[in-house]
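# show me how the following folds:
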Amino acid sequence: MDAVRVIEGEDIVTLMGRIGREARAASRAVALAPAETRNAALRAMAARIRARAAEILAANAQDVAEAKGRGQAAAFVDRLVLDPARLEAIAAAVEAVAELPDPVGRVLAIFERPNGLVIERVATPLGVIGVIFESRPNVTADAAALCLKAGNAAILRTGSESFRSALAIAEAMGEGFAEAGLPASAVRLVPTRDRAAVGAMLGGLDGAIDVIVPRGGRSLVERVQEEARVPVFAHLEGVCHVFVHEKADLAMAERIVLNAKMRRTGICGAAETLLVDEACADTHVAPLVRALLDAGCAVRGDAATLAVDPRVTPATEEDWRTEYLDAIIACRVVPGLEAAIAHIETYGSHHTDSIVTDDVAAAERFLAEVDSAIVVHNASTQFADGGEFGFGAEIGIATGRMHARGPVGVEQLTSFKYRVHGAGQTRP
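This next block holds a predicted model:
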């Protein structure tokens, strides 16, 4: 598992060029494969992941041991760790993708022109999708499943920290592909830790890659956005907020805040900033802050927050724009809904932001004016997830404004073409 799987004498440029050409050739076979064939491949992939569970978990144990040996943070290690339950969730997510409606060939619109031409807008695969990700082994299976379901080929490049785990999962998936009669080159994990492979993918592999999806930390995504010569679906980070409005039920607010921050601190949908309306500060700030502190979360607060508990430490300007991915939250008291929206616009990352309130008008204004990919009323930010949206899984959360936004599932991994039906018309 540890070996760099590069054919002897083949350098990175040659390797990546070959992977790109093979993926491009395979993409047509996948695009033309019936939905039943693609679904059979997905089910076989899930079965092989389960059958090879012991090998995958053993490979993951080596990755985890190495990460701990390097002194990686607990939140980082949590994202890396696989156990039987998480591995079963990976297999189940692949099966769930198989059960989704086929996104390929959907008629998105149909209209007739005055000259009698009937025009259809129809969903088509994107082609070859490059996915560059870091320490989450589950992304290997999620990305492969989503790309296949949408009729695409995929080139996957994992970070060195999860290399063994991802390789073991990819090998299991390859066996599933073969069982369904699809070309194994339709989904390839780049078989090397060499960082030059990333640069090759960002260059587009001589036109082989149609879109890049980075999934990882800020430095990775910034590099992708700066260097990519193909379109990118990406978010820089998840600086997510929960705003507790003056009309918020305190018990509901406490449940939501604790879940949004502490359910899993290392995911991009975890809340990083708590905003509390000054109109309910006297009744709400202290209970919310103490609940967080008692749950093991460090709180960095403004002057009003510092006053409620000696365990709170002062927040700096940088705290308002920080994605902690850890059991840390910044807390600020704001003078109402407009100030909360302004704070989110100034410091947020356009990922996911939530309001807790029983005031429908305030909620509607928040949902309309907060310019984030996902806006939430009376629920946790941790619902920012393709599975929770019914997409089966996601390849990432896109925070841009082009094509895909929010959880990128199978429908977002398609493009479209126009089919024009005539009866002998010619243009005058």
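# helix, strand, or coil at residue 326?
Following DSSP: H, G, I helix; E, B strand; the rest coil, we place residue 326 in the coil state.
# list phi and psi for it.
Backbone torsions of residue 326, given as degrees, to the nearest 10, read phi -160, psi 180.
# now do residue 377
Dihedral angles phi and psi of residue 377 (degrees, to the nearest 10) take the values phi -120, psi 120.
# that one - how many residues pack around it?
Here the number of neighbours of residue 377 (other C-beta atoms under 10 Å) works out to 15. All C-beta spots, glycine's among them, are computed from the backbone N, C-alpha and C.
# could you measure from residue 322 over to residue 207?
39 Å (C-beta to C-beta, to the nearest Å).
# out of those two, which sits in the busier spot?
Remark: of residue 322 and residue 207, residue 322 carries more neighbours, 18 against 14, as counted by other C-beta under 10 Å.
# does the more buried one touch residue 316 like I think?
No: assessed by C-beta atoms under 8 Å, residue 322 is found out of contact with residue 316, at 9.0 Å.
# identify the contacts common to the two.
In the contact map built from C-beta atoms under 8 Å, 6 or more residues apart in numbering, no residue is linked to both residue 322 and residue 316.
# angles on the backbone of the closest residue to residue 374 other than its chain neighbours, please.
In this structure, residue 374 finds its nearest non-sequential neighbour in residue 352, 4.2 Å apart by C-beta to C-beta, 6 or more residues apart in numbering. The phi/psi pair for residue 352 (degrees, to the nearest 10) reads phi -140, psi 130.
# let me see the contact set for residue 352.
238, 240, 269, 372, 373, 374, 375, 376, 381, 384, 397.
# cool, residue 190 as well?
Contacts for residue 190 (C-beta under 8 Å, 6+ apart) come out as 16, 19, 155, 156, 157, 158, 197, 201.
# cool, residue 173 as well?
Residue 173 neighbours (C-beta under 8 Å, 6+ apart): 45, 48, 49, 140, 141, 144, 187.
# what's the closest of the residues you listed to residue 193?
The nearest member of these to residue 193, counting by C-beta to C-beta, is residue 140 at 14.7 Å.
# and the gap between the closest one and residue 146?
Remark: distance between residue 140 and residue 146 (C-beta to C-beta) = 12 Å.
# need the contacts of residue 173 in CSV (columns: pLDDT, neighbour count and secondary structure).
Below are those laid out as CSV (pLDDT from 0 to 100; neighbours: other C-beta atoms under 10 Å; DSSP: H, G, I helix; E, B strand; the rest coil):
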residue, pLDDT, neighbour count, secondary structure
45, 95, 29, helix
48, 96, 22, helix
49, 97, 26, helix
140, 93, 28, helix
141, 94, 29, helix
144, 94, 30, helix
187, 90, 31, strand
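# turn the residues you listed into a markdown table, columns for distance to residue 265.
Shown next, in a markdown table, are the contacts of residue 173 (distance: C-beta to C-beta, whole Å):
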| residue | distance to residue 265 |
| --- | --- |
| 45 | 30 |
| 48 | 32 |
| 49 | 27 |
| 140 | 23 |
| 141 | 23 |
| 144 | 27 |
| 187 | 31 |
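# in a strand, residue 331, correct?
Yes: assessed with three-state DSSP, residue 331 lies in a strand.
# would you confirm that it contacts residue 305?
Yes: in this structure, residue 331 is within contact of residue 305 by C-beta under 8 Å, at 4.4 Å.
# which of the contacts of residue 190 are buried?
Using 16 or more other C-beta atoms under 10 Å as the burial test, those include 16, 19, 155, 156, 157, 158, 197, 201 as buried.
# give me the mean pLDDT for the helix or strand hosting residue 419.
Assigning secondary structure by DSSP states H and E places residue 419 in strand 414-421. Here strand 414-421 scores 96 as its mean pLDDT.
# do stretch 355-365 as well
When pLDDT is averaged along stretch 355-365, the result is 98.
# number the chain from 53, please
Happy to do that; since the first residue is 53 now, the last one works out to stretch 407-417.
# need the contact partners of that stretch.
Stretch 407-417 is contacted from outside by 294-301, 304-305, 308-309, 389, 392-393, 418-419, 427-430, using C-beta under 8 Å, 6+ apart.
# related to what we said a few turns ago, now the buried ones among the contacts of residue 242 as CSV including distance to residue 327 and secondary structure?
Below are the buried ones among the contacts of residue 242 laid out as CSV (distance: C-beta to C-beta, whole Å; DSSP: H, G, I helix; E, B strand; the rest coil):
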residue, distance to residue 327, secondary structure
68, 45, helix
71, 46, helix
207, 41, strand
208, 38, strand
209, 37, strand
210, 36, coil
249, 42, helix
253, 39, helix
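# out of those residues, who's nearest residue 168?
Minimum distance to residue 168 across these is 43.8 Å, recorded for residue 207 (C-beta to C-beta).
# so what's the closest one closest to, chain neighbours aside?
In space, and not counting its chain neighbours, residue 207 is closest to residue 182: 4.9 Å by C-beta to C-beta, 6+ apart.
# that neighbour: neighbour count?
Quick note: residue 182 (other C-beta under 10 Å) scores 31 neighbours.
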